[in-house]
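1. Quick one, fold the following:
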Amino acid sequence: MANAASGMAVNDDCKLKFLELKAKRTYRFIVFKIDEKLKQVIVEKLGDPTQSYEDFTSSLPENECRYCIYDYDFVTAENCQKSKIFFIAWSPDTARVRSKMLYASSKDRFKRELDGIQVELQATDPTEMALDVIRGRAN
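-> Got it, this is the predicted structure:
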């Protein structure tokens, strides 16, 4: 694991699915995981546009790190329909230390591959990415 600090490779499917979310709004959310055997970030789960924020948060593993993209729709104070693309680094306190280090060291490189992220959030427990936190960061 000499080059673990340099970050993981990013599977092309990750970029493709992100572009589909951004341009066509094909998905509500995407959950990515690091596949340590393949030494790359892969798509773990796709949420269709009808799924809720609760569907998204319940799809995250309780004791494992993940990277997530969430397309948040909201209405502004001026009554305009808007959406923001959130990047959420899910790193629960209960995850293995090695896993947390791996995700932390690969995060910036992975994020650079996804052009169009508007808000970044780091969460170590569900309250740090509750819907009201998302709402607050979107405005």
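
2. which residues touch stretch 75-82?
-> Asp73, Phe74, Ala138, Asn139 (C-beta atoms under 8 Å, 6 or more residues apart in numbering). In this view, the C-beta of every residue, glycine as well, is placed from N, C-alpha and C.

3. okay if I get the residues you listed as a markdown table plus neighbour count and distance to Ser91?
-> Conversion of these to a markdown table gives the following (neighbours: other C-beta atoms under 10 Å; distance: C-beta to C-beta, whole Å):
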| residue | neighbour count | distance to Ser91 |
| --- | --- | --- |
| Asp73 | 12 | 26 |
| Phe74 | 13 | 25 |
| Ala138 | 16 | 22 |
| Asn139 | 9 | 25 |
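
4. Which members of these occur in helices, if any?
-> With helices taken from DSSP state H, the overlap with the contacts of stretch 75-82 comprises Ala138.

5. and which of the contacts of stretch 75-82 is nearest to Phe87?
-> Relative to Phe87, the closest of the contacts of stretch 75-82 is Ala138; by C-beta to C-beta it sits at 13.1 Å.

6. Using the three-state scheme, assign the closest residue to the closest one other than its chain neighbours.
-> Nearest residue to Ala138, sequence neighbours excluded (C-beta to C-beta, 6 or more residues apart in numbering): Lys84, at 4.8 Å. Following DSSP: H, G, I helix; E, B strand; the rest coil, the label given to Lys84 is strand.

7. Next, count neighbours for Glu78.
-> Glu78: 6 surrounding residues under other C-beta atoms under 10 Å.

8. Quickly run through the sheet partners of the strand or helix carrying Tyr67, with directions.
-> Using DSSP states H and E, Tyr67 maps to strand 66-75. Strands that pair with strand 66-75, judged by DSSP bridges, come out as strand 29-35 (antiparallel), strand 81-90 (antiparallel).

9. Would you mark the buried spots in that strand?
-> Buried residues in strand 66-75, defined by neighbour count with 16 or more other C-beta atoms under 10 Å: Arg66, Tyr67, Cys68, Ile69, Tyr70, Asp71, Tyr72.

10. Next one: Ile85 relative to Ser106, how far apart?
-> Separation of Ile85 from Ser106 (C-beta to C-beta, to the nearest Å) stands at 19 Å.
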